[in-house]
Each structure stands twice: as structure tokens, then as C-alpha cells.
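Participant: Provided below are the primary sequence and the corresponding predicted coordinates.
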Amino acid sequence: MYEKIKAMLVDEFDIKESDISMDSDLSQDLGINSVELMDLAMRCEDEFDVQFPDDDIHKFTTVGDIVKFIENCQ
């Protein structure tokens, strides 16, 4: 799951693969803003057939948070 999320960040958000780890902060380390976070959530929903809680999307602060959420939904 982590590798798929990482590939998505590289392809869709033009982030260097070497900058991404499970502990990478989406905003501070990777420069993802709130609009891009929503876009990432929508892409993950389509790709992995999960549903992110709209009111709680801001609680996902690291790459690992997203990976764990998706893994727990499957």
C-alpha cells in the first residue's frame, strides 16, 4: 500500500520519491496544501475503493496516516 501511495504522490504531485517516507508530513515535508489533500483523498478513494470521512480529512497529517487508514478499510 505504501508503495502505491508513494507512486501516486510522485506522479500526481511531482514530489521526489526520495522525499517520501511513512513519517513524511504531508504539509510540512511534502508541501501538500488543503486542496491537494482533498485531491489526494479523492484519488485514493477511486484507486482503493475506500471512503475518507470528509470532516476528518485534515486529521491525516502523514503519509503513514493515509496508508494505515486504507489498510484498515480493506
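Facilitator: Yep, it's here.
Participant: now stretch 35-45: mean pLDDT?
Facilitator: When the per-residue pLDDT values of stretch 35-45 are averaged, the result is 93.
Participant: mind listing what's buried in that stretch?
Facilitator: Applying a neighbour-count criterion of 16 or more other Cβ atoms under 10 Å, one finds 36-37, 40-41, 43-44 buried in stretch 35-45. All C-beta atoms are positioned from the backbone trio N, CA, C, and that covers glycine.
Participant: how distant is it from the center of its chain?
Facilitator: Relative to the chain's own centre, stretch 35-45 is displaced by 7 Å; criterion: Cα atoms, centre = their mean, to the nearest Å.
Participant: ditto for stretch 27-34
Facilitator: Between the centre of stretch 27-34 and the centre of its chain there are 10 Å (Cα atoms, centre = their mean).
Participant: what's the first-to-last distance across that stretch?
Facilitator: 8 Å (Cα to Cα, to the nearest Å).
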